[in-house]
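A.B. asks: take this sequence and fold it.
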Amino acid sequence: MNLREKLVRFREVWLLGLAALAGVFAGAVVTAMSWVTNHAHSILFQIPLNERLSGQVSLASPWLALVPVVGGVLMAVLAALSRRLFTRPPVDPIEANALHGGRMSVRESLMVSIQTMVSSSYGASVGLEAGYTQASSGLVSHVAGRLGLRRAEIRTLVGCASAGAISAAFGAPLTGAFYGFELIIGTYTVAAVAPVMTASLAASLTASWLGAEQNPIEIGLTQTMSAAALAPYLFLGILGALAAVTVMQLVTSTENLFRLSRCPVWLRPIVGGGIVGLLGLISPHVLSSGHGALHLDLVGSTTWQALALLFALKLLASAVSLGSGFRGGLFFASLYLGAILGKSVALALGELGLVHGFSPLYASLVGMASLAVGVVGGPLTMSFLVLETTRDLGITGAVLVASIVSAVVVRETFGYSFSTWRLHLRGETIRSAHDVGWMRNLTVGRMMRPDVKTAPVGLSLAEFRAQFPLGASQRVIAVDENGGYAGMVIVADAYAPEIDQSGKTTVADLARNRDTMLMPFMNAREAAQTFQIAYAEELAVVDSLSSKKVMGLLTEQHLLRRYAEELDKARRDLTGEG
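C.D. replies: Reported below is the predicted structural model:
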């Protein structure tokens, strides 16, 4: 038995080994990127190395508000370099797994990670989690491709790398694993459990061993919540969902505002950096991802009015950062915004006497989960994040209920997470990392029969019968004087007993579906919808709607059979069968 045969026979064992290596690499990436960013904060903002930028009460000097402006200059340079090097927007893990079979570019991923580190290092209100997952998944995808692994295995390893990155960042293996399942692989399968969990555990252990600064949320001991006390948290789940939609829309609106202002692309991050710097003078809590600020605001004592103001400042800082061209994500920013929202709502309702026994600390954690579910997606991911990092099972019911409510509200009212919303704005239609790339590859052009028979639309029935005897062909495509599609003719119709008495004398009289055609770039789903609308069993394929030059023919029966075959293959790849 040669090496290749052994790899095939024991592929699950080999996949576990590769998953473990993916986790080790993700742990190392998180450690390195967080180390660089923390040291940059210490140098650029003149703070002790063991302190967080967003945890400062005020900036050491008003002049430090210019640091984000310098970051904007660097981002403008990196953006120009990126446009010169790459012809497309970078592919992230979700898009890679949904459309490209898990394949990602190493160079694109490294550029995104560098831009993310620069953005966070210079105080832009974004998190590093997007950079963690991009760098880890990009290199693992490249290695998997070089090893000649199958589509499903590459997708699984991309999920492993992303799971490992989140696990290492928070010291939360279950959170990382469900991030991989819900957001990157797009589904939970038994075949993926072992590799994803292996990668998640390996990454967390690696990051801990390397001394990475992981971020548990310290809240102290709490008590188990009764079912009767869940009602206010249902409301908080709805509120978190609506706030999440607002966050995503505001980022897009900010981008549009920069575009409508005709501000040059290179100037936008510089202007954005100036705005973020000014907001940082009001409160440094809005700078960077917000790790330090989260700890302070969770357990600190303040008014709901001050928290509401901080929520607005952080929301504006994040929207301006991303809308002006800084690179990063809203993973931790959404957690922080949710915590502020939950606590301010609890304090406000308590002060007004509308709700009794609504714990501000509980509300912070539930708000954190509900808003983050709306922005990032993955209700189980965010529930496990709160539970693992707080190490408190007393809030399990409230967190799960609010997360599910938030997920349902966002799906029904908006339909996208932040990542898939950004893809939607680029013209993509995916709503998750579920693999639809194979469906896009199953195009009409690949399935059609090019050997079609044609007849001029003005041909008489007698001439048609002479050229196409009954039984020699089932269908003929009618074409006009320019060779363009003019309808589908069923040969049997020309031999119907009543045809001679019907007054029909030419091919044009027999032509069906004259205005319904397929084009080669259509995918299987679009073609099936066209068949259904036309009530047709066969349709012609033309090059374009303008020239209508006939390229081939596709039957509904063949389309459905090919679709079923590919769907079955995708299912077997997903479950690890065969």
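A.B. asks: which residues sit in contact with Leu296?
C.D. replies: 55, 285 (CB atoms under 8 Å, 6 or more residues apart in numbering). Where you see a C-beta, it was placed from the backbone N, CA and C, and this is true even at glycine.
A.B. asks: in the helix or strand where it lies, what counts as buried?
C.D. replies: If you go by DSSP states H and E, Leu296 is part of helix 291-299. By 16 or more other CB atoms under 10 Å, the buried positions in helix 291-299 come out as 291-298.
A.B. asks: can you pull the buried residues of whatever helix or strand Val320 lives in?
C.D. replies: The secondary structure element spanning Val320 is helix 304-324 (assigned by DSSP H and E). Buried residues in helix 304-324, counted by 16+ other CB under 10 Å: 304, 307-308, 310-311, 313-324.
A.B. asks: next, the angle helix 304-324 makes with the helix holding Leu296.
C.D. replies: 160 degrees (axes from the mean of the first three to the mean of the last three CA atoms, to 10 degrees).
A.B. asks: alpha carbons of helix 291-299, in PDB - could you do that?
C.D. replies: C-alpha atoms of helix 291-299 as PDB (Å, rounded to 0.1, in the frame of the first residue of the first chain):
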ATOM      1  CA  HIS A 291     -11.400  44.800  26.000                       C
ATOM      2  CA  GLY A 292     -10.300  47.000  28.800                       C
ATOM      3  CA  ALA A 293     -13.400  49.100  28.700                       C
ATOM      4  CA  LEU A 294     -15.700  46.000  28.900                       C
ATOM      5  CA  HIS A 295     -14.200  44.900  32.200                       C
ATOM      6  CA  LEU A 296     -14.600  48.400  33.700                       C
ATOM      7  CA  ASP A 297     -18.100  49.000  32.500                       C
ATOM      8  CA  LEU A 298     -19.400  45.600  33.500                       C
ATOM      9  CA  VAL A 299     -18.600  46.000  37.200                       C
END
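A.B. asks: low pLDDT regions in the stretch 201-350 of the chain?
C.D. replies: Residue ranges of the stretch 201-350 of the chain with pLDDT under 70: 215-229.
A.B. asks: ok, which stretches of it are helices?
C.D. replies: 231-260, 268-282, 291-299, 304-324, 331-352 (DSSP state H, counting those that start in this stretch).
A.B. asks: nearest to Thr555, out of those helices?
C.D. replies: helix 231-260 (42.7 Å; CB to CB).
A.B. asks: just how off-centre is that closest one within its chain?
C.D. replies: A distance of 17 Å separates the centroid of the chain from that of helix 231-260, by CA atoms, centre = their mean, to the nearest Å.
A.B. asks: and for stretch 64-76?
C.D. replies: That offset, for stretch 64-76, works out to 28 Å (CA atoms, centre = their mean).
A.B. asks: please work out which residues outside it touch it.
C.D. replies: So stretch 64-76 is contacted by 44-46, 59, 115, 118-119, 121-124, 265-274, 276-278, 280-281, 287, 324-327 (CB under 8 Å, 6+ apart).
A.B. asks: and the buried ones among these, selectable in ChimeraX?
C.D. replies: Of those, the buried ones go into a single ChimeraX selection, burial set by 16+ other CB under 10 Å:
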select :44,45,59,115,118,119,121,122,123,124,267,268,269,270,271,272,273,274,276,277,280,287,324,325,326,327
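A.B. asks: low-confidence stretches in the protein?
C.D. replies: Using pLDDT under 70, the chain drops low at 1-11, 215-229, 421-441, 500-503, 564-578.
A.B. asks: longest single helix anywhere in it?
C.D. replies: When the chain is parsed with DSSP state H, its longest helix is helix 11-44.
A.B. asks: fine by me, we can end here.
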